[in-house]
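Visitor: what would the 3D arrangement of this be:
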Amino acid sequence: MTKAKLPRPTDAELDILRILWAQGPSTVRDVHGTLEKKRAIGYTTVLKLMQIMAEKGLVERDERERAHVYKPVLAEEQTQRQLVRDLVERAFGGSATKLVLQALASEKASAEDIRQMRALLEEFERERQS
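Guide: As a prediction, this is how the structure comes out:
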């Protein structure tokens with residue numbers, strides 16, 4: 001399976017991926033400890049989820065040490081882009097404009113958010129003119 005065609009992670013898998021992106025390569029015990037701070041979850045549940053994620057190609061497992069170390073296959077930004085592409089296709093008929101308009105209509109954007117959006121649009125416009 002190519003990196004571009006990885007399956008969409010579930011909410012529980014995204015929780016684990018966020019920990020791996022923040023902490024770097026980690027053991028199941030490390031991930032479990034971090035998840036336990038947010039909610040009660042069993043060690044074996046985390047272990048099984050991470051094994052499934054390895055089978056799906058979402059994480060890689062380093063088995064050289066007794067405690068296996070897991071790391072995400074894709075960077076956080078790559079996963080976010082993949083999820084957004086999927087959402088745009090499924091919910092907005094391929095229209096990124098509709099997605100952005102709905103996002104802005106559903107939650108008030110801060111002045112900083114608007115400034116960042118303007119800067120991004122200006123960058124896209126400059127690239128398009130090049």
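Visitor: who's in contact with stretch 66-86?
Guide: 3-4, 6, 8-9, 17-18, 20-21, 24-29, 31, 50, 53-54, 57-62, 99 (C-beta atoms under 8 Å, 6 or more residues apart in numbering). Heads up, the C-betas are built off the backbone N, CA and C, glycines and all.
Visitor: low-confidence stretches in the chain?
Guide: Regions of the chain meeting the criterion pLDDT under 70 cover residues 1-5.
Visitor: same thing but 50
Guide: Counting by pLDDT under 50, the chain shows low-confidence ranges at 1-3.
Visitor: how's it carved up into domains?
Guide: Domain ranges of the chain: 7-72, 76-129, per automatic domain parsing.
Visitor: out of those domains, which is the most enclosed?
Guide: Mean neighbours per residue, mean count of other C-beta atoms under 10 Å, is largest over these for domain 7-72, with a mean of 15.
Visitor: pull up the distance across it, start to finish.
Guide: 13 Å (C-alpha to C-alpha, to the nearest Å).
Visitor: how much space between Ser130 and Thr45?
Guide: According to C-beta to C-beta, to the nearest Å, Ser130 stands 50 Å off from Thr45.
Visitor: please report how far Leu120 lies from Ile114.
Guide: Per C-beta to C-beta, Leu120 is found 11 Å from Ile114.
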